[in-house]
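**Student:** No letters, just coordinates:
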């Protein structure tokens, strides 16, 4: 098991290194770090001196190494747009995005999985067909459109919920949270639903099709032949086997919530890293884009690791083999 | 051991019909099948794939896969009709009164639960035992099916057992609540030839000891000859011949059974294919008028082309063939004649 | 089977009408409706220069006095000249939608085309040559899959902006968007094609073709590509829905098509800016059009996947 996890960590590091390479290329070759630091009237000589001092004349691998080493310490240089340190800009905005993504993830899991189980168990029932039809509409609505519709109904027409911003927040250490005020919690509702709805329909459809697949297996038929109750078959046997493939996809889907937050944060003027990223794309603020890329990469690697650990908890075939490849199928 | 005609049979199947609605029309996969199984008796059901033998077994345990359905006839267990029971009533019979063994032990067990857990949940579903009592019974069952180190193996997962060992676990699961009948559908087909004999011997011994009747579905005549008391030969959804196993093997009365027996090289050796008879079993969509076997039959007469024979006494067995009717097969058919 | 010998068009029609795919199409009213809707939207969009009542992005035809008229059916202030109302510049919403849909479709179709060509080529190369080339292509695919397509497209867009001037960017915006979406969708094609190539390349007929000296390219195009048309078609249809959404999202975020050449996404962004004042129709109608288009395409894609892969149903 330890060998397996070590190997996964090694693979993750390789992915992270590749992302780092892309981020470095952006930082070094698309943007010009010197331009960002000096004024228009700086002479060529001064620029060259600065270039030498920053190590921009070193061989590329050395520069890459410095870039990664700096990144590991949270140092990504200065934003072209605001001239502030990129590390601080991002750190200020991380709590807003994490809290939003967390709420969306909770919404997705606690609504999407039960809906998928239900429609998988009773595929012919009219309510399943209705849910299935609604889910198809759900994946056909772009996230920003869902957000606009929710704002129109619940903010503009009904005035129940705020249409933008985080509401009142509370600072706990460096972390600024929405969870401790009523207005903060209310502000979370619409963005969380907007962010989660697309993933929710995906998860529901995935759980449904896996459930249908599992219900057709021989061991479910044999469980029926053993006379087990429907309850034991559906929730003891079918659900657990459904979870094996669902965990992987659900993990990746929830991981991508952070990235999808880009759109939701723009619609709701939510001051998170996604909004920062959009601004940096519009202004071609390369250092912020590079840092954001690394942040997302890191997050995905972490999610993948958690998914692997969950696999061990659920599937005994992995535990006893002491590692090795994931067992395909069931 | 002949079928006890005076005593109440354990299982009675009467005029069973199983249908499959498809987009090209409804297929009659099991057509007017009748047989009995006496307590403690082993009935072999043999036939080519598609003959309807597995569907008959599934109909008995009430697990026909939709859209398949019982369209007619009756199934009785101990005199009580079970083919029309509500799902929940039938569930209580499955596992408790009728056990089942499926073809592939690799896929019959849930890979995510230990064999112990699967045994205990089955036992507790049907018997009022505490967890520790159920576990003790589970270990007992594993010992009985010949799994060495049962106390330790009970916590192992299915993938840690070999194919043969897994089928032993499946047999233990079928025996959990002491059923009176076991429907075993091709229990050895997926196993190594060397393991097959062991599993069959085990099944036979356990059922004799527990007095459990067995409906043994297989396409392997060798297994039947070794194991069964009586045998039913199925062809194109109907029973072609049924009788005591010795009689059917030695003195087959139906031309199809004769061909089938001719295709066994010697008793006890597994046969790969039933190649002796020319042609193949018709598809369910193309069953001919009259006797379904007539295109391949060398004894057929005019009557076989138009009138469908039911089972009739034929020596020591019963066969569905006009050869054994006083009216005979009718006028001979000249060669090369195409019937319009 | 007697009719199987019929040749030409009637034979083809007969094979089609007797096939399982056609049967599953006919027996699903939803799919038929989706196909009709898709066809209608595409037809109306591409005929918009003929059908549209106004040319909304020609400043000469606009008059601010026509601004912010509500739709005819909901308000007495509406005018039949502008059935779905007008925006703050006095542009007819219906005409804007027709032109916008056309642009959205052109961009999405082109993007899917780019992704398809790129993915199939890389998949063929990867599967046929194997070794280091294969490893590199597939690792790039793995890493890219880590990021959602919208993020990849945003990054590409941001990079292009960094490389060229803002003015120049507006001129080539459409190509940037097509390229960005195309580059973010190639992976699934490459994986599918690669898998099929790996299976086919060891078959005897391919080995034989190699022995008689046919070029690898010819072998792949002749023998491998026909095997992947089904899956590629399914991916392309499902991708088209995604591409429409991605284009709309990019334009909504203000990094897609400029407001001088608005797609559906741009129209929704422009409407969203005045949504708070209650002029909902400027946003809602393009939104409904976008959702209907994607829904119809997705329904077709879903059905196609099920019809070609009965196992997955």
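**Tutor:** Noted; the coordinates are in hand. Computed from a predicted model, the values in this text were never measured in an experiment.
**Student:** What is the neighbour count of residue 130?
**Tutor:** In the absence of a named chain, this looks at chain A. Neighbourhood size, residue A:130 [other Cβ atoms under 10 Å in any protein chain shown]: 11. For the C-beta atoms, the positions are set from N, CA and C on the backbone; glycine is no exception.
**Student:** The intended chain is chain C.
**Tutor:** 14.
**Student:** what about it, distance to chain A?
**Tutor:** 20 Å (Cβ to the nearest Cβ, to the nearest Å).
**Student:** Doesn't residue C:218 lie inside a strand?
**Tutor:** No. The assignment for residue C:218, made by DSSP: H, G, I helix; E, B strand; the rest coil, is helix rather than a strand.
**Student:** from the stretch 1-150 of chain B, which residue is nearest to chain C?
**Tutor:** Closest approach of the stretch 1-150 of chain B to chain C (Cβ to the nearest Cβ) occurs at residue B:23, with a separation of 7.1 Å.
**Student:** confidence score at that residue?
**Tutor:** Residue B:23 carries a pLDDT value of 72.
**Student:** mind pulling up the phi and psi values for it?
**Tutor:** phi -70, psi -20 (degrees, to the nearest 10).
**Student:** The nearest residue to it once chain neighbours are set aside: neighbour count?
**Tutor:** With Cβ to Cβ, 6 or more residues apart in numbering or on different chains as the criterion, residue B:23 has its nearest non-adjacent residue at 7.1 Å, and that residue is residue C:23. Number of residues near residue C:23 (other Cβ under 10 Å) recorded here: 13.
**Student:** Check the offset of the helix or strand containing residue C:23 from the chain's centre.
**Tutor:** Per DSSP states H and E, residue C:23 falls inside helix C:20-26. Here helix C:20-26 is found 24 Å from its chain centre; the criterion is Cα atoms, centre = their mean, to the nearest Å.
**Student:** longest helix of the chain?
**Tutor:** Because you didn't say which chain, this covers chain A. helix A:182-215 (DSSP state H).
**Student:** wait, chain C
**Tutor:** helix C:93-129.
**Student:** which other helices and strands contact that helix?
**Tutor:** With contacts taken as 3 or more Cβ pairs under 8 Å, 6 or more residues apart in numbering or on different chains; DSSP states H and E, helix C:93-129 sits against helix C:29-46, helix C:48-51, helix C:131-145, helix C:166-184, helix C:186-200, helix C:225-252, helix C:264-273, helix C:281-308.
**Student:** elements contacting the last one?
**Tutor:** This means helix C:281-308. So helix C:281-308, by 3+ Cβ pairs under 8 Å, 6+ apart, packs with helix A:126-140, helix A:143-150, helix C:20-26, helix C:29-46, helix C:93-129, helix C:225-252, helix C:264-273.
**Student:** Also the shortest one?
**Tutor:** Helix C:48-51 sits against helix C:93-129, with contacts defined as 3+ Cβ pairs under 8 Å, 6+ apart.
**Student:** for the chain, which spans come out with low pLDDT?
**Tutor:** I went with chain A, as the question did not name one. Scanning chain A for pLDDT under 70 picks out A:1, A:31, A:33, A:35-40, A:319-330.
**Student:** wait, I meant chain B there
**Tutor:** For chain B, the stretches with pLDDT under 70 are B:1-6, B:263-277, B:335-340.
**Student:** What are the boundaries of the strands in it?
**Tutor:** If DSSP state E is used as the criterion, the strands of chain B fall at B:11-22, B:25-37, B:42-46, B:69-77, B:80-81, B:98-101, B:181-185, B:213-218, B:230-235, B:238-244, B:312-314, B:317-319.
**Student:** Can you add mean neighbour count and give these back as JSON lines?
**Tutor:** Converted to JSON lines, the strands of chain B look like this (neighbours: other Cβ atoms under 10 Å in any protein chain shown):
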{"stretch": "strand B:11-22", "mean neighbour count": "18"}
{"stretch": "strand B:25-37", "mean neighbour count": "19"}
{"stretch": "strand B:42-46", "mean neighbour count": "26"}
{"stretch": "strand B:69-77", "mean neighbour count": "17"}
{"stretch": "strand B:80-81", "mean neighbour count": "11"}
{"stretch": "strand B:98-101", "mean neighbour count": "27"}
{"stretch": "strand B:181-185", "mean neighbour count": "26"}
{"stretch": "strand B:213-218", "mean neighbour count": "26"}
{"stretch": "strand B:230-235", "mean neighbour count": "27"}
{"stretch": "strand B:238-244", "mean neighbour count": "25"}
{"stretch": "strand B:312-314", "mean neighbour count": "16"}
{"stretch": "strand B:317-319", "mean neighbour count": "24"}
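**Student:** ok so, going back, closest to residue A:100 out of the helices and strands packed on helix C:281-308?
**Tutor:** helix A:143-150 (12.1 Å; Cβ to Cβ).
**Student:** which other residues reach the closest one?
**Tutor:** Outside helix A:143-150, the residues that touch it by Cβ atoms under 8 Å, 6 or more residues apart in numbering or on different chains are A:190-191, A:193-195, A:197-198, A:260, A:263-264, A:266-268, C:248-249, C:252-253, C:265, C:268, C:272, C:275, C:283, C:287, C:290-291.
**Student:** How far away from the center of its chain is that helix?
**Tutor:** Distance, centroid of helix A:143-150 to centroid of chain: 19 Å (Cα atoms, centre = their mean).
**Student:** swap in stretch B:97-111?
**Tutor:** For stretch B:97-111, the distance to the chain centre is 15 Å (Cα atoms, centre = their mean).
**Student:** Stretch C:185-199 now?
**Tutor:** For stretch C:185-199 - counting by Cα atoms, centre = their mean - the centre lies 19 Å from the chain centre.
**Student:** in it, what's buried?
**Tutor:** C:185-194, C:196-198 (16 or more other Cβ atoms under 10 Å in any protein chain shown).
**Student:** Out of those residues, flag the one nearest to residue C:143.
**Tutor:** Looking across the buried residues of stretch C:185-199 and measuring by Cβ to Cβ, the closest to residue C:143 is residue C:187, at 10.0 Å.
**Student:** Enumerate the residues of chain B near chain C.
**Tutor:** By Cβ under 8 Å from any Cβ of the partner chain, the residues of chain B that approach chain C are residue B:23.
**Student:** give me the beta-bridge partners of the spatially most central residue of chain B?
**Tutor:** Ranked by distance to the mean C-alpha position of chain B (Cα atoms, centre = their mean), the top residue is residue B:217 at 2.6 Å. Beta bridges link residue B:217 to residue B:45, residue B:185, judged by DSSP bridges.
**Student:** Name all residues that make contact with it.
**Tutor:** B:45, B:53, B:54, B:56, B:57, B:183, B:184, B:185, B:186.
**Student:** let's see it at 7 Å
**Tutor:** B:45, B:53, B:54, B:57, B:184, B:185, B:186 (Cβ atoms under 7 Å, 6 or more residues apart in numbering or on different chains).
**Student:** Could you count how many residues lie near the residue of the stretch 1-150 of chain B closest to chain C?
**Tutor:** Residues near residue B:23, counting by other Cβ under 10 Å: 8.
**Student:** ranking the helices and strands packed on helix C:93-129 by burial, who's on top?
**Tutor:** helix C:264-273 (a mean of 25; mean count of other Cβ atoms under 10 Å in any protein chain shown).
**Student:** which strands and helices sit next to that one?
**Tutor:** If you count contacts as 3 or more Cβ pairs under 7 Å, 6 or more residues apart in numbering or on different chains; DSSP states H and E, helix C:264-273 packs onto helix A:143-150, helix C:93-129, helix C:225-252, helix C:281-308.
**Student:** Could you tell me which residues within the longest one count as buried?
**Tutor:** Buried residues in helix C:93-129, counted by 16+ other Cβ under 10 Å: C:93-112, C:114-116, C:118-120, C:122-128.
**Student:** I appreciate the help and will end here.
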